[in-house]
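**Q** Sharing a model prediction with you, sequence too.
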Amino acid sequence: MYSIPGSTPAAPSNRMADTTTPDAPQITDTSGARTVAEVLNGSQVEAVLQELDRDLVGLAPVKARIQEIAALLVIDKLRINLGLTSHAASLHMCFSGNPGTGKTTVAMRMAQILHRLGYVRKGHLVSVTRDDLVGQYIGHTAPKTKEVLKRAMGGVLFIDEAYYLYRPENERDYGQEAIEILLQVMENHRDDLVVILAGYKDRMDTFFQSNPGMSSRIAHHLDFPDYTVPELLEISNKTIALQNYRFGAGAEAAFEQYLKLRVTQAHFANARSVRNALERARLRQAGRLFADRNRVLSADDLCTIEAQDILASRVFQIAQAS
Ligand SMILES: Nc1ncnc2c1ncn2[C@@H]1O[C@H](COP(=O)(O)OP(=O)(O)OP(=O)(O)O)[C@@H](O)[C@H]1O
Ligand SMILES: [Mg+2]
C-alpha cells in the first residue's frame, strides 16, 4: 500500500495550479445536529450554493446535481450523527464537457462545499495534468504522483484531461503506474481526498471503458453543456460589469452578433472565448482612446466599450470571407 501522509504539505510547485486557498469559514461543530437546518446553519454550505447559483450563468443540470450531492452529504452527516453510517461515502467525480464550460470553476466551489460539510479537512483544490503525475523515466512516476497526492490531501485533486494518463498504444507507458497509485489512494484515503477527473465527454467515456477500476470509483458524473448565445451574452455582461466596463450604444448587439459567428468558428471555448474576446475589445478601446492625445477622458469614456471596438474583430472578416 502507498502511504500518503497528509500532515506535511509539500513545497508548492510552480507548474501545478493550487487554484484555491483553503476557505476558513466559521464552521460550527455539527456532530450533534439532528435536523437539516442545523447542519446547514452550522456548515454555512448554503452560502456556497447560493453564490454558485448567482455567480454562474446557466449550467442548470450541473447546479441541480450539486444540490443533490449537497443534500446527500447533509443527510449522510445526520446518519453519521445517529451512528447509522460509519464509513465515508465515495465522492470522486467526473466533470465532462467542452473547454470553457466552467469545470474548473465549479470544482473550486465543490471543494468549498466538501470542506464546509467536513468531508475534507482543508478544502483547497490542486489542479494537475498528466505531466504533473507521470515521469519520463523508470522510477520517476511514483514519487511525482505521490508528491501531488500529498499536496492534495485534505482537499480536491482536479485532473484535467485525465484520459491522457492512459495511452493504450504504448504498452509500457508510465501513466498506468500513476493510475494504479491514484486508484489505491482514491480507495484508502477517500475520507480526506476527493478526486475530480475532467475532460471531453467522449474521451472520458473511452477512458472509463478501458479503466473499469477507475470507472467504478467515480460516484458522480456531471456533464457540462455548451453555453447558448444568450447565456454567453449574460456571461459577457457579468464579466465586464465586474471589471467596471459597460457596452455603449449598439455594442451589446454587436457582441451578440460576434458570438453568433464565433460559436461556429474553430477553437471556440465557451466562456473562456468570451473572456478572451472581451480582453481584445478592451485592447481596442484602449487603442482608440490612446490615439486621441488631447482629449479629456471622462469616466464614461474610460468605461465604455463601443460597437466599433467589437466590430473590428477578425471574427467578422472570417465570416465574410467564408
Ligand atoms: N457559467 C459561467 N458564468 C460565468 N462565468 C463563467 C461560467 N463558466 C465559466 N466561466 C468563466 O469562464 C472561464 C473558464 O471557465 P473554467 O476554467 O471553469 O472552464 P473549464 O471548463 O475548466 O475550461 P477548460 O477546459 O478550458 O479548462 C473562467 O474565467 C470562468 O470564470
Ligand atoms: Mg479548466
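**A** Here it is on my side, so go on. Ligands and ions are numbered 1, 2, ... in the order given.
**Q** Can you name the residues of this protein that neighbour ligand 1?
**A** Proximity of the chain to ligand 1 is confined to 56-59, 97, 99-105, 235, 238, 269, 271-272, 275 under the rule Cβ under 6 Å from any ligand atom. The C-beta positions use only the backbone N, C-alpha and C, and glycine is treated the same way.
**Q** Now, the residues you listed that are in strands?
**A** In strands, judged by DSSP state E, the following of the residues of the chain next to ligand 1 are found: Gly97.
**Q** which stretches of the stretch 101-250 of the chain aren't confidently modelled?
**A** Regions of the stretch 101-250 of the chain meeting the criterion pLDDT under 70 are absent.
**Q** all helices of it, in order?
**A** In chain order, the stretch 101-250 of the chain shows helices spanning 103-116, 130-133, 141-152, 175-188, 201-210, 212-217, 229-242, with DSSP state H, counting those that start in this stretch as the criterion.
**Q** how about the last one as CSV, C-alpha atoms only?
**A** Taking Å, rounded to 0.1, in the frame of the first residue of the first chain, the C-alpha atoms of helix 229-242 are listed here in CSV:
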residue,chain,number,x,y,z
VAL,A,229,-25.6,32.5,-27.2
PRO,A,230,-28.0,34.3,-24.7
GLU,A,231,-26.0,32.6,-21.9
LEU,A,232,-22.7,33.7,-23.4
LEU,A,233,-24.1,37.2,-23.6
GLU,A,234,-25.1,37.1,-20.0
ILE,A,235,-21.6,35.9,-19.0
SER,A,236,-20.2,38.8,-21.1
ASN,A,237,-22.4,41.4,-19.2
LYS,A,238,-21.4,39.9,-15.9
THR,A,239,-17.7,39.9,-16.8
ILE,A,240,-17.5,43.5,-18.0
ALA,A,241,-19.6,44.8,-15.1
LEU,A,242,-17.1,43.2,-12.7
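**Q** got CSV for the helices of the stretch 101-250 of the chain, with mean neighbour count too?
**A** Converted to CSV, the helices of the stretch 101-250 of the chain look like this (neighbours: other Cβ atoms under 10 Å):
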stretch, mean neighbour count
helix 103-116, 23
helix 130-133, 19
helix 141-152, 21
helix 175-188, 19
helix 201-210, 15
helix 212-217, 15
helix 229-242, 17
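**Q** would you list those helices in JSON lines and tack on distance to Ala251?
**A** Conversion of the helices of the stretch 101-250 of the chain to JSON lines gives the following (distance: least, Cβ to Cβ, whole Å):
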{"stretch": "helix 103-116", "distance to Ala251": "26"}
{"stretch": "helix 130-133", "distance to Ala251": "41"}
{"stretch": "helix 141-152", "distance to Ala251": "43"}
{"stretch": "helix 175-188", "distance to Ala251": "47"}
{"stretch": "helix 201-210", "distance to Ala251": "34"}
{"stretch": "helix 212-217", "distance to Ala251": "47"}
{"stretch": "helix 229-242", "distance to Ala251": "10"}
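**Q** residue contacts, the residue in the stretch 151-300 of the chain positioned nearest to ligand 1?
**A** Using Cβ to the nearest ligand atom, Ala271 is the residue of the stretch 151-300 of the chain that sits closest to ligand 1, at 3.2 Å. For Ala271, the residues meeting the contact criterion (Cβ atoms under 8 Å, 6 or more residues apart in numbering) are 100-102, 227, 232, 235.
**Q** If we use 7 Å, what do you get?
**A** For Ala271, the residues meeting the contact criterion (Cβ atoms under 7 Å, 6 or more residues apart in numbering) are 100, 102, 227, 235.
**Q** go on, Gln67?
**A** By Cβ under 7 Å, 6+ apart, the contact set of Gln67 is Leu49.
**Q** which parts of the one helix or strand it maps to are buried?
**A** Remark: Gln67 resides in helix 60-81, with elements defined by DSSP states H and E. Within helix 60-81, the residues that qualify as buried are 62-63, 65-66, 69-70, 73-74, 76-78, 80-81, counting by 16 or more other Cβ atoms under 10 Å.
**Q** Distance from the chain centre to it, please.
**A** 19 Å (Cα atoms, centre = their mean, to the nearest Å).
**Q** Can I get it as PDB, trimmed to CA atoms?
**A** This file holds the C-alpha atoms of helix 60-81, laid out as PDB (Å, rounded to 0.1, in the frame of the first residue of the first chain):
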ATOM      1  CA  ALA A  60     -28.900  24.200 -14.800                       C
ATOM      2  CA  PRO A  61     -28.200  20.500 -14.800                       C
ATOM      3  CA  VAL A  62     -24.800  20.900 -13.100                       C
ATOM      4  CA  LYS A  63     -26.300  23.100 -10.400                       C
ATOM      5  CA  ALA A  64     -29.100  20.600  -9.900                       C
ATOM      6  CA  ARG A  65     -26.600  17.800  -9.500                       C
ATOM      7  CA  ILE A  66     -24.600  19.800  -7.000                       C
ATOM      8  CA  GLN A  67     -27.700  20.400  -4.900                       C
ATOM      9  CA  GLU A  68     -28.400  16.700  -5.000                       C
ATOM     10  CA  ILE A  69     -24.900  15.900  -3.900                       C
ATOM     11  CA  ALA A  70     -25.100  18.500  -1.100                       C
ATOM     12  CA  ALA A  71     -28.400  17.000   0.100                       C
ATOM     13  CA  LEU A  72     -26.900  13.600   0.100                       C
ATOM     14  CA  LEU A  73     -23.900  14.800   2.200                       C
ATOM     15  CA  VAL A  74     -26.200  16.600   4.700                       C
ATOM     16  CA  ILE A  75     -28.300  13.500   5.200                       C
ATOM     17  CA  ASP A  76     -25.200  11.400   5.500                       C
ATOM     18  CA  LYS A  77     -24.000  13.800   8.200                       C
ATOM     19  CA  LEU A  78     -27.300  13.200  10.100                       C
ATOM     20  CA  ARG A  79     -26.900   9.400   9.600                       C
ATOM     21  CA  ILE A  80     -23.300   9.600  10.900                       C
ATOM     22  CA  ASN A  81     -24.600  11.600  14.000                       C
END
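**Q** Many thanks, we can stop here.
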